[in-house]
Structure formats: C-alpha cells, structure tokens
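**Q** okay, here's the prediction I keep looking at, along with the sequence it came from:
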Amino acid sequence: MPTPAAPEPAKTEPGKPEPADQGLAKQGPSHPTLTARIRKTFSSTERPFLLDVEFNAPPGFTILFGPSGSGKTTLLDCVAGLAVPDAGRIIAGERALFDAGLHVNIAVAKRGVGYVLQDLALFPHLTVEQNTEYGLAHLSRSVRKQRASAMLQEFRIADLRQRRPEEISGGERQRVALARALVTDPCVLLLDEPLGALDAPTKSKILNDLRRWNQAHRIPILYVTHAREEVLALGERVLVMEEGRIVAQGTPHEVLGAPLQESVAQLAGFENILDATVESVHEDRGTMTCRMTSGLLGSDAGSLVLLETPLIRADVGSRLRVGIRAGDILLAVANPVGLSARNVLPGRLVSLERRDMTICARVDCGVEMEVYLTLAARDSLALAEGREVWLVIKTHSCHLMRR
Amino acid sequence: MSINWQAFRLTIELALVVSTILFVVGLPLAYWIAFSRRRWKFFVEALVGLPIVLPPTVLGFYVLVALGSRSPLGRWWQSLTGHTLAFTFAGLVIGSIIYSLPFVVQPFAASFSSVDGKLLAASATLGASPLRTFFQVVLPLSVPGLVTGVALAFAHTMGEFGVVLMIGGNIPGVTRTVAIDIYDQVQASNYAAANAMALLLLVFCFVVLTVVYGLNRATPNRRSTNRETWAMGPVKK
C-alpha cells in the first residue's frame, strides 16, 4: 500500500549507497530499490556497442542523462524486459527480474514495471479511459473503473475519458501515458523522455503532478532526459551516461554544477572547451593561471593565451580542460579598462553567423572562441568580420575539467 | 435473357464458405509470417504466394491428384464418405482455399506488421499476454487489411475458372459455377446466355468490391491515418 513519505534527501555519496538502500528495500514490496548490473553488446549494428552499467536506484527520481546513442533507452528496455542483457542482474526490492547466472528472466508482462515509452505508444483505437484501464484487465470491471477514474482525476484528465488519443493535445497525451503506467501500481517506473516536445509551462505542470505522485508512492523512477531544466527540477540523483557507461553520478548540483567529464560539460552547454596546462597556482588568491595548449584551431603547441581560473586541486604542469559558455563571454570593440574580470584577450573577428535571434561570433585570440551576442549588440557595435575585438572572461566563468 | 440462378447461387455459396474459412486460417498464418523470426520464414512465404504466379491448371492438376482415390488423403476421405473428393463441392472448397490463400494472408500479414512495435511493447509492459495483445491491439488496428483480404478472397473465388474446371468438372448444382457456365454457353454458341451471366458476375463483383472498399475507407482508416502520410503529398480538402 502506498504510504505518504517525506521526500528522501538527495544522496551525496552515490557511489556507495548499498547499506541505506537495503533498509529501504525492507520496508515492503511497494518501496523497493532497483539494483542493476547490466551488460549487453550489440554486434549487429554498424558500430559495435557495449552497454555496461551498474547502479542503484532507491525510491524517487533517478535521472539518466546523456547524449543520444549513449544507451539510455536500451537500459530502460533491459529493466522492462524488452531487451535481454547478456550478463548481469536486475533486482527490484527482493525480486529478481533478471539474473543471467541463475537463468532468471521474468516475462515483460509479469515484471510489474511501468514504462512510458518515448513516443508514449497510446493505443490509438482506444479512448483515454480504455487506455488507462488496459493494464488492469486482471481486476473486476468495477474496481477497474474506479481505479482508472481515480488516476484520471489525479492527473486532471477525467473530462477527456471518452476521447481518443488523436483528439487531445500533446500535454494531455503525456498525462494519459503516465496515468496508464501508474494505475497498474508498478514496482519500478521507467520514463523515456516523457516530456520531450512540450512547452515549458505544460512541462512544469506535469512535473508537479509527477512529483506529487512520487511523494505519495516512493518507487524507483528512472527518468531519461536531455533537458537540463528537467534534471534540476526533478533530480534527486543523476546518472550521466556516455557510450554505454555511467561516467558520472551524484546530485544534479554535483554533476551539472562542477562537471568533471567533457561529455557532461558539452551537455551542460559549454560551447568553448579548450585544452590547458596549469602555469601557476595562486593559493592566496584562490585562482590559477592556465595556458591554453589548443583550441578549436587545433594547434597543439602552447599558445600565448593565459586564463585566470578558479583554484582546484591541481599541480603546476597538470593538463586540464577549460569550459567557457559562449553566453558568458563579453565582447568589446576597444581595449576595456577598469574591469573586475581578470581575463581580457585581444583578438580578431573570424565570422559572424546568425542563429535564430542570436549572433554566434567566432573570435581568434590565439585560440578560437565562440561568443553569443544579441542582434542589437552586433548592430550597435557595427561588428564585421576581420574587426579587432577584445574578449572579457570572468575567472568564475572558466570551468575546469579533467582531461 | 436466361440466367442460370443455380450456378450463381452455387458460386456465392462457394465464395462465402471459402472466404470464411480463409479468414480463420489466415489469421494465425499471417500472424506467424508477420512476427516470427525463424530463418526459414521466407520459404513459407514463397509457398503461400505460389498460387499467385502458378497457372490455375497446374494448381488444379496437383490438387486433383492429391484428392484422387490414389492419394492417401483421397483414400481416407473415400473410406469416410464412400466417394472421392474430386468432382464434389468439398473438393472445390479445398482447391479454392489453396488458390486464394495468398490473397488473404498477404494483406493480413502486411497490416499486422505495420502495427507500431511500440504499441506491442506498451501492451506487454501493461501485463498483456501476446494473445491478448493480438486480439486487443493488433487485430483492431488491422481492420482495413482484414477487410481487404477477405474481400479479395471472396472476389477471387467468385471468378475462378481453371481450378474449378480441373477439380470440379461441370456438374450442375454441385460444381458448375458461373465461370464454368459462361464457358459452356460460349462453347454451345449461346452468346445471349453467356452475356447475361458474364454481366451478372461483373456487376455483382464490382458492387461487392465497391461496398467493401467504401466501408474500409469510411471508418477505421480515418483513425489510423497519420499526419506524416498526408503531409508528404499535396493535401486536398
């Protein structure tokens, strides 16, 4: 039976969550922890792909974050039983859904795993109500009606019950898909980019309903997304995936705030990622000076470009990467003075390219940097290719990563 | 105009029996072809499709041999009923079923495999067995294909000639169908009678197909039309 529980505080040590999670698992079958070790190779595709992950998902949201093709959907398919791992185990609470060693492979229909697929996969020939009742066929008609109706109320789509999926909006369809999966009282919930194509207000309303439901039910929810705002809005835990592996995990703040892996940095929106070596460390000032060794131009010899960055634990001479968001860089047409920013780089405009309402400027200042400007800024500064400019970069806009 | 109503009734009866049996036989066969991952599936597909390319006389000849008193099937039937299957209505039904099998199985299988695999996955994760998924998801979404298959089998049986001639011969009330009757009338230079029967068959088949395709277009197809299909071509309103 679902019991309301306070949201569990985010784990700060996601690497070793076993002891605490075992305790949660013993609370009863409706509060299981999902423990999985999955290994699966695809040799048939053009490029051989290996999914090799091990993780623990306690009740609550666990976000799977990563570029497309990183194996997120395959991971969900393995948990749901739609794909069969080559090796490993998948355990929900104390129930083994899959165990290669013991030859356990529970059929998809018997796993009790709720899965909202990427395109929702609502049955087009059934009404909203019939879709919601689909997973309750084992119950009597009256119980079925009652449970479906309660779930439709909870997701605020009760007035659509006689409509078909094609007759309702995208946001409503997402709600139906969620209601259809949740009404079955799953032991684990898998959501594959469930809010992908929605506008922000609709998204946040659905997220609120989902969060409310999660607080009342507390089951492990694996939530695949590309969107940063969804990670920050929902995330208790984030697993970052890249090429079939989990490359980082932790709270959204840990993973997205101080990225250590380049893939994370790219996802977090760093348009400029530069190789660097530590030139000097100023512990008294809390900064370091780094020499850029290559930029987008690809020259590997050390350039003359120096950047002052925040201090991290690194020795002089150690190799790092610096990530700088294109929107964090200021551009001036005269050498600026009297600034708090510590980095002022002279350079020359290589190109100006309009992307929707943003101007993307490329500036060669020894390394090539991408800078975002507004249309108004371009016009008022009378920018043109070849023009001499200065880039202004704050110390704290330089994000350091392992190389 | 003299119309041989007996032959007409017999032909409709044959077409109804054959398309009903083919509907029942076609479902599991098409399901297997659509969803099986066996390597030798192509072999079964080729076998089922054979009647499309084979001359009806070839098909009729082998069915006749298989049904005759020298074959095990023929002997078994003879021991059961006292007469052979050849030149009987039952023999005609068997031959027609084989002859029209691809016209049912191919549209069935095509519409089964065009059902979005994600719907099948969703159905399974919601606890449905493959059988329940078939009856509650695959079948309702394949109605146009089912209607097409049955209509084709019906019309194909109405107009068949070679197989009937080989297996059934020309026994009034038993195996003399409209197509045979027309052939006979022409042989006897009764062109008026041949014309009457031919026209009747033409109009009847046309009406049946028109009604079937009209219904098919009006109801279930409207829902399964997806945006992409019509967005690709010029939209007429």
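**A** Nice, I can see it. Numbering: from 1, shown residues only, chains lettered A, B, ... in the order given.
**Q** CA only for contacts and neighbour counts going forward, please
**A** OK.
**Q** for chain B, longest helix please?
**A** helix B:5-35 (DSSP state H).
**Q** find me the pLDDT at residue B:111, would you?
**A** For residue B:111, the model assigns a pLDDT of 93.
**Q** do the host helix or strand of it and chain A meet at all?
**A** Residue B:111 belongs to helix B:89-113 when assigned by DSSP states H and E. No: judged by C-alpha under 8 Å from any C-alpha of the partner chain, helix B:89-113 stays clear of chain A, getting no closer than 14.7 Å.
**Q** again, but for stretch B:121-134
**A** Yes: with C-alpha under 8 Å from any C-alpha as the criterion, chain A is reached by stretch B:121-134 at B:121-129.
**Q** could you tell me which of these belong to helices?
**A** B:121-125.
**Q** follow-up on the earlier one: and the helix holding residue B:111, what does it pack onto?
**A** helix B:5-35, helix B:41-53, helix B:56-67, helix B:143-158, helix B:162-168 (3 or more C-alpha pairs under 8 Å, 6 or more residues apart in numbering or on different chains; DSSP states H and E).
**Q** roughly how far is the shortest one from the heart of the chain?
**A** Taking C-alpha atoms, centre = their mean, to the nearest Å, one finds helix B:162-168 lying 16 Å from the centre of the chain it belongs to.
**Q** what residues does stretch A:93-113 touch?
**A** With contact meaning C-alpha atoms under 8 Å, 6 or more residues apart in numbering or on different chains, stretch A:93-113 is reached by A:25-26, A:29, A:31-35, A:79-82, A:85-91, A:184-190, B:124-129.
**Q** please redo it, this time with the cut-off set to 7 Å
**A** Identification of contacts with stretch A:93-113 by C-alpha atoms under 7 Å, 6 or more residues apart in numbering or on different chains yields A:25, A:29, A:32-34, A:80-82, A:87-91, A:186-189, B:124-129.
**Q** buried set for that stretch?
**A** Within stretch A:93-113, the residues scored as buried using 16 or more other C-alpha atoms under 10 Å in any protein chain shown are A:93, A:96-99, A:105, A:107-113.
**Q** could I get the CA-only coordinates of it as CSV?
**A** Taking Å, rounded to 0.1, in the frame of the first residue of the first chain, the C-alpha atoms of stretch A:93-113 are listed here in CSV:
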residue,chain,number,x,y,z
GLY,A,93,13.4,-4.9,-4.0
GLU,A,94,13.9,-8.5,-3.3
ARG,A,95,12.5,-9.8,-6.5
ALA,A,96,14.9,-10.8,-9.3
LEU,A,97,13.6,-9.6,-12.6
PHE,A,98,16.6,-10.9,-14.4
ASP,A,99,19.6,-12.9,-13.3
ALA,A,100,21.9,-14.3,-16.0
GLY,A,101,23.7,-16.5,-13.5
LEU,A,102,20.5,-18.1,-12.2
HIS,A,103,18.8,-18.1,-15.7
VAL,A,104,16.0,-15.9,-14.4
ASN,A,105,14.3,-13.8,-17.0
ILE,A,106,10.8,-12.8,-15.9
ALA,A,107,8.5,-12.1,-18.9
VAL,A,108,7.8,-8.5,-19.7
ALA,A,109,4.1,-8.9,-18.9
LYS,A,110,4.9,-10.3,-15.4
ARG,A,111,7.6,-7.8,-14.3
GLY,A,112,5.2,-5.1,-13.0
VAL,A,113,7.4,-2.4,-14.4
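**Q** the stretch 1-150 of chain A against chain B: which residues are in contact?
**A** A:80, A:108-110, A:113-115, A:121, A:123, A:125, A:134-135 (C-alpha under 7 Å from any C-alpha of the partner chain).
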